[in-house]
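Trainee: What would the 3D arrangement of this be:
(one chain, ligands or ions: 1)
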Amino acid sequence: MNTLRVAMIGYGFMGAAHSQGWRTAPRVFDLPAEPEMAVVAGRNAEAVAAAAHKWGWAESSTDWREVIARHDIDVVDIVTPGDSHAEIAIAALEAGKHVLCEKPLANTVAEAEAMAEAAERAAARGVRAMVGFTYRRVPAVTFLRNLIAEGAVGTVNQVRASYRQDWLVDPEMPLAWRLQREHSGSGALGDIGAHAIDLAQFVTGLNIEKVSGVIDTIVKERPLLDAGSGLSGTAGTGYGQVSVDDVAIFTGRFASGALASFEASRFATGRKNALQIEVSGDRGALAFDLEDLNSVQFYDRTAPADRQGFRKILVTEAEHPYVSAWWPAGHMLGYEHGFSHQVKDLVEGIVAGADPHPSFADGLRVQRVLDAVERSSENDSAWTRVAVDVPVQAG
Ligand code: SOE
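Mentor: Numbers count the residues shown, from 1 in each chain. Predicted structure coming up:
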């Protein structure tokens with residue numbers, strides 16, 4: 001069994017989630033290569049050493065450039081804030097390392113374009129690249145996509161996609177990096193709106209061609225971080241400017257002509273992690289809610305009139321995507337399982353010599369939609385075209 005020695009750059013919330021995926025995937029799936037958790041890199045020597053010990057990485061480092069240059073590293077997994085994605089990913093690809101990069105791909109279209117070009121050059125040398133829109137790998141999401149591809153809803157007329165959280169409703173939540181444009185690129189729009197955009201394009205196989213939207217910042221100043229908070233952002237006393245959006249609301253028009261409505265909010269009081277999508281067609285409809293992630297709701301217009309109604313399909317059968325490797329029917333999966341599925345698909349793609357979805361081209365496509373929403377909001381919510389059509393790669 002050949003091995004794939006992995007280096008993870010970053011060690012925050014996504015570092016914990018990705019580590020769980022690297023640890024668990026080889027214990028659950030019969031992978032064609034064995035990932036080895038070789039080293040995790042971060043800026044604070046003591047903190048990253050503690051993370052390495054806790055999560056099962058063999059070593060820790062404070063120098064990501066040195067890690068990427070090592071000949072004994074095959075894969076680089078980037079879980080840092082978006083302002084370092086481009087520099088790290090391009091250096092890793094040019095060093096011949098396969099790359100998994102967290103979403104959104106970058107903080108700007110220019111960075112995402114450079115990353116997609118680097119990935120294209122690297123692919124010619126057999127080097128793979130993938131962006132971490134992990135919700136594609138919730139079994140219910142892949143199942144929903146497969147049903148749509150089989151024609152279960154018929155022609156897609158409308159899509160409603162939203163991602164609603166409420167962790168910023170408290171005005172005293174401190175000014176962490178996700179609230180600072182120089183680190184995160186945008187706020188709710190890029191952080192969680194990117195998931196809603198990718199989900200809508202992935203499950204329908206359709207490209208968003210133009211958007212009309214508005215973004216807004218509700219709380220414009222927040223307390224600076226306490227020096228010892230351990231959170232990443234600006235420490236100090238007093239308050240600092242929030243430089244990103246709290247809410248993004250926009251309409252999208254697919255190239256097919258179908259219309260979509262989107263919402264990304266960190267002020268949806270009571271909604272904790274509600275990524276939701278509903279796809280409406282002429283033969284039926286399908287819906288998914290991350291807060292009920294083991295099921296889909298299906299409405300079949302072709303059923304006899306007295307039996308039509310949204311019905312819940314529990315996506316826990318062995319026949320459902322990814323499920324057969326886990327537990328018997330009805331034993332449920334959780335948020336963390338998508339990260340094991342992500343590792344499985346990445347390792348299989350590397351060994352097969354095929355870019356696993358979503359590619360950096362898919363990530364660039366999402367970045368262009370994010371950019372178009374911001375330009376629309378700056379232009380009185382005028383319809384704004386998404387810069388370039390990049391085919392949504394079949395997953
Ligand atoms: C925001 O709080 C966040 O952690 C996003 O950054 C993740 O991408 C999303 O999956 C969960 O919420």
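Trainee: Every contact and neighbour count from this point should use C-alpha atoms.
Mentor: Will do.
Trainee: Just the strands from the stretch 1-150 of the chain, written as ranges.
Mentor: With strands called from DSSP state E, counting those that start in this stretch, the stretch 1-150 of the chain shows them at 3-9, 34-41, 59-61, 75-78, 98-102, 129-132.
Trainee: so how far is the fifth one from its chain's centroid?
Mentor: The gap between the average C-alpha position of strand 98-102 and the chain average comes to 12 Å, counting by C-alpha atoms, centre = their mean, to the nearest Å.
Trainee: Restricting the selection to alpha carbons, write that strand to PDB.
Mentor: Output of strand 98-102 as PDB, limited to C-alpha atoms (Å, rounded to 0.1, in the frame of the first residue of the first chain):
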ATOM      1  CA  HIS A  98      -1.400  17.800  -4.400                       C
ATOM      2  CA  VAL A  99      -3.500  20.500  -2.800                       C
ATOM      3  CA  LEU A 100      -6.800  20.600  -0.900                       C
ATOM      4  CA  CYS A 101      -7.700  24.200  -0.100                       C
ATOM      5  CA  GLU A 102     -10.600  25.400   2.100                       C
END
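Trainee: quick one: contacts for the nearest residue to Glu34 once chain neighbours are set aside?
Mentor: With C-alpha to C-alpha, 6 or more residues apart in numbering as the criterion, Glu34 has its nearest non-adjacent residue at 4.5 Å, and that residue is Thr3. By C-alpha atoms under 8 Å, 6 or more residues apart in numbering, the residues touching Thr3 are 33-36.
Trainee: Ala255 now?
Mentor: 206-209.
Trainee: who wins for most neighbours among these?
Mentor: If you count neighbours using other C-alpha atoms under 10 Å, the busiest of the contacts of Ala255 is Ile208, which has 28 neighbours.
Trainee: which residues does that one contact?
Mentor: 201, 252-255, 369, 386.
Trainee: ok, those vs Val296, which is closest?
Mentor: Checking the contacts of Ile208 against Val296 by C-alpha to C-alpha gives Gln201 as the nearest, at 17.5 Å.
Trainee: For the closest one, which three-state class applies?
Mentor: helix (DSSP: H, G, I helix; E, B strand; the rest coil).
Trainee: Same question for Arg222.
Mentor: Per three-state DSSP, Arg222 ends up strand.
Trainee: Can you give me the neighbour number for it?
Mentor: Arg222 has 19 nearby residues by other C-alpha under 10 Å.
Trainee: Ok, Glu66 next?
Mentor: So Glu66, with other C-alpha under 10 Å, has 10 neighbours.
Trainee: what do you get for Gln342?
Mentor: Count around Gln342 with other C-alpha under 10 Å applied: 27.
Trainee: pretty sure it contacts Val131?
Mentor: No - at 9.7 Å, Gln342 does not count as touching Val131 under the criterion of C-alpha atoms under 8 Å.
Trainee: Would you check how far apart the residue of the chain positioned farthest from its centre and Leu4 are?
Mentor: No residue in the chain sits farther from the centre than Asp306, which is 40.0 Å out by C-alpha atoms, centre = their mean. Relative to Leu4, Asp306 is positioned 55 Å away (C-alpha to C-alpha, to the nearest Å).
Trainee: Outline the domain layout of this structure.
Mentor: Per the record, the chain has its domains at 3-134, 139-292+294-333, by automatic domain parsing.
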